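sequence and predicted structure are below.
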Amino acid sequence: MLLKDSLIELSKNFPEVFKEQRDGSLIMQFVIAERKAFLSKKRLLYKSKIRVNDEKKEVTFFEMLSESSSGLSADSGVSFKKETYGIKGKEREGEIEEAAKLFGKDFKFNFDYKKIREAVKRESEKNNYSFSLKLIEKQV
């Protein structure tokens, strides 16, 4: 079995399955949390991208969290906002935990994205592939 196929099979344990793209990379993308209330919507999205190079026996990995919100705001009328951030400098540890107030209701989520990265790294090393984390998606 090819490493790419092993990673797709492995991803069946995650909230979403890796999907092969036309360029040969694997992408996983899913909503971690979403809150809708009175003409307002907030979303937190996780995305990871993997490229397997069988000739060089290497795997490159990228992951990102993206937050967006739109709709009416209680204090300033209509607002549209999109904020994107990635993991910079080194690998982040632990879980993301968030609790926010949106129109008086709690918006809570708990997601340990390290599990995805570590599972891909273990599978790569088990098949004698090197593993590297990239900070920019275009580098994958």
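It's in.

CA atoms for contacts and neighbours, from now on please.
OK.

against which helices or strands is the lengthiest helix in the chain packed?
Secondary structure of the chain per DSSP state H: the longest helix is helix 114-126. Counting contacts by 3 or more Cα pairs under 8 Å, 6 or more residues apart in numbering; DSSP states H and E, helix 114-126 is packed against helix 3-10, strand 58-73, strand 130-133.

and the contacts of the shortest one?
Just to be clear, that refers to strand 130-133. Residues outside strand 130-133 that contact it (Cα atoms under 8 Å, 6 or more residues apart in numbering) are 57, 58, 59, 60, 61, 62, 91, 121, 124, 125.

okay, the first one: pLDDT?
We have a pLDDT of 95 for residue 57.

got the contact list for the residue nearest to it when sequence neighbours are not counted?
Excluding the flanking residues, the one nearest residue 57 by Cα to Cα, 6 or more residues apart in numbering is residue 129, at 4.7 Å. Contacts for residue 129 (Cα under 8 Å, 6+ apart) come out as 57, 58, 59.

are any of those residues buried, and which?
Among the contacts of residue 129, those buried by neighbour count (16 or more other Cα atoms under 10 Å) are 58, 59.

and the contacts of residue 129 as TSV, adding distance to residue 27?
Listed next are those as TSV, based on distance: Cα to Cα, whole Å:
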residue	distance to residue 27
57	19
58	17
59	13
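
between the contacts of residue 129, which is nearest residue 44?
Taking Cα to Cα as the measure, residue 44 lies nearest residue 59 of the contacts of residue 129, at 26.2 Å.

isn't the closest one up against residue 26?
No. With contact defined as Cα atoms under 8 Å, residue 59 does not count as touching residue 26 (10.9 Å).

report the set of residues contacting both of those two.
50, 51.

that older thread, so which of the helices and strands packed on helix 114-126 is the most surrounded?
strand 58-73 (a mean of 19; mean count of other Cα atoms under 10 Å).
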